[in-house]
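**Q** got a sequence here, can you model it:
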Amino acid sequence: DPKRKAAFGSVGRRIPYRILHVINENGESLGNMHRAEALKLMDQHNLKLVLLRENAEPPVYRLMTGKQIHEEQLRRAEKKKASPKTGMCIVQKELSFSSTIARNDLETKTKQIAQWIEKKYHVKVTVRQTK
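**A** The predicted model follows:
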């Protein structure tokens, strides 16, 4: 699916950098090499070049099999799913009532509080004292 964004920077032949740091499929460093040499290695071993670290100087690429790429994508998806959700808006509800509240009103408000807690909202209850 062309619309689906890959989990890796660039996979395959489209490499914008001239000099790359290449790691083989076993995780051993092959050192810095020209893009053409890396592509030749990729073709010889029937592997794909995958961008690991773009910000490094030179960028780090790894030769991987299709199975390794798939496993790495699954591992990254699991890690992303396991990490706490950042940017989630915490909903806070506040309910206030007087100390002379009628029994049925109190039961209704208690049910409302229970529903909010089920939805993982933060609930603040204030009881006002009547004079």
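
**Q** need the per-residue pLDDT for the spatially most central residue of the chain.
**A** Centroid-nearest residue in the chain, with Cα atoms, centre = their mean: residue 80, separated by 3.3 Å. Note on residue 80: pLDDT of 80.

**Q** next, it: secondary structure please.
**A** helix (DSSP: H, G, I helix; E, B strand; the rest coil).

**Q** what are the ranges of the strands in the chain?
**A** All strands of the chain, identified by DSSP state E, fall at 19-23, 29-34, 48-53, 60-64, 92-98, 122-128.

**Q** and stretch 43-53, what's buried?
**A** For stretch 43-53, the neighbour count (16 or more other Cβ atoms under 10 Å) marks 47, 48, 49, 50, 51, 52 as buried. Bear in mind the C-beta positions are built from the backbone N, C-alpha and C, glycine included.

**Q** skipping adjacent residues, who's closest to residue 94 in space?
**A** For residue 94, ignoring the flanking residues on the chain, the nearest one in space by Cβ to Cβ, 6 or more residues apart in numbering is residue 124 at 4.4 Å.

**Q** what distance do you get for that neighbour to residue 22?
**A** Separation of residue 124 from residue 22 (Cβ to Cβ, to the nearest Å): 57 Å.

**Q** more crowded one of the two?
**A** Comparing residue 124 with residue 22 by neighbour count (other Cβ atoms under 10 Å), the higher total belongs to residue 22, at 21 against 11.

**Q** which ones are touching the more buried one?
**A** Residue 22 makes contacts with 29, 30, 31, 32, 33, 38, 41, 49, 61, 62, 63, as judged by Cβ atoms under 8 Å, 6 or more residues apart in numbering.

**Q** from those, which is closest to residue 115?
**A** Closest approach to residue 115 among the contacts of residue 22 (Cβ to Cβ): residue 62, at 49.9 Å.

**Q** ok, the closest one touching residue 23?
**A** Yes - with contact defined as Cβ atoms under 8 Å, residue 62 and residue 23 form a contacting pair (4.4 Å).

**Q** overlap of the contact sets of those two?
**A** Going by Cβ under 8 Å, 6+ apart, residues that sit against residue 62 and also against residue 23 are residue 52.

**Q** neighbour-wise, which of those two wins?
**A** Ranked by neighbour count (other Cβ under 10 Å), residue 62 and residue 23 place residue 62 first, with 23 against 18.
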